[in-house]
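J.: Sequence below, structure please.
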Amino acid sequence: MRDPIDRKSLQDSAVDWLREAIVRGAFASGATLTELALTEQIGVGRSTVRSALFALEAQELVVRTPYSSWHVATLDAREIEEIYTLRAALEGLAARIVAQKREQIDMAPIDAAFHALETIDAANSDQRLRADLGFHASTVVQTGHRLLARRHAQLADKMEWLYRWSELHWPRRRDLVEEHQKLRDALFNGSPDDAEQAVRDHISQSITADIEGFHELEARDTKKP
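T.: Numbering: from 1, shown residues only. Got it, this is the predicted structure:
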């Protein structure tokens, strides 16, 4: 029997290529993106590149100046704070729902996602990213709250972009099991208030560390001749 036809369109492939280039830092924060250069780099037509850029504009990874140019979104202190605070609101609600309904929902996927943190290669940033964000996503998914899950998924590219930026500059800064233990305990044994606060405390530490890190990098760049 022949293999199934690959239904992935050229546009989807272009979106994936460009998204990966941005979230992995191949294109720097604020960098100008030209349609002509991208057609050569990706190997697709200009209309396909333009459609991919519009798709990533909707995900807020690129910014368009009308009748002028495209740019990678800027990752600065304000953007870092806004990504994390929105994430805290969404995941805090998810944690509250899980704690309220833990007797009715399947907690096994959340527990499995937590234990996956123990098995990763600490030096592998891709594994760290998948395990870390996977644990948080499992909490959201298990709530069964469809709108919450969709809003959280819409933020996923931004969260990955920020995570990879942080790992690039401060690799393995945190022990993932230790960092998530209090959150796991609150989800399984704490009150709804405890669970939501555990999320907010967890993310607050990341906000502080990454904003301080951003300002350190900014100061270092300013001193360069």
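
J.: how about stretch 9-18 as PDB, C-alpha atoms only?
T.: Included here for stretch 9-18 are C-alpha records, laid out as PDB according to Å, rounded to 0.1, in the frame of the first residue of the first chain:
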ATOM      1  CA  SER A   9       0.700  22.900   2.400                       C
ATOM      2  CA  LEU A  10       3.600  25.000   1.300                       C
ATOM      3  CA  GLN A  11       2.200  27.800   3.400                       C
ATOM      4  CA  ASP A  12       2.100  25.600   6.500                       C
ATOM      5  CA  SER A  13       5.700  24.500   5.900                       C
ATOM      6  CA  ALA A  14       6.700  28.200   5.500                       C
ATOM      7  CA  VAL A  15       5.000  29.100   8.700                       C
ATOM      8  CA  ASP A  16       6.700  26.300  10.600                       C
ATOM      9  CA  TRP A  17      10.100  27.200   9.100                       C
ATOM     10  CA  LEU A  18       9.800  30.900  10.000                       C
END
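
J.: Start the count at 34 instead of 1 going forward.
T.: In the new numbering, first residue 34, that becomes stretch 42-51.

J.: If you tally nearby residues, what's the number for A242?
T.: Counted by other Cβ atoms under 10 Å, the residues lying close to A242 total 15. Where C-beta positions appear, they are placed from N, C-alpha and C, glycine not excepted.

J.: Over to L119?
T.: Neighbour tally, L119, other Cβ under 10 Å: 17.

J.: residues in contact with the strand or helix carrying it?
T.: Using DSSP states H and E, L119 sits in helix 110-134. Residues outside helix 110-134 that contact it (Cβ atoms under 8 Å, 6 or more residues apart in numbering): 106, 138, 140, 143, 169, 172-173, 175-176, 178, 181, 184-185, 188, 191-192, 195, 216, 219-220, 223-229, 231-233, 236-237, 239-240, 243-244, 247-248.

J.: what residues are up against H169?
T.: Counting by Cβ under 8 Å, 6+ apart, the residues that H169 touches are E124.

J.: That one: which element?
T.: Going by DSSP H and E, H169 is part of helix 158-175.
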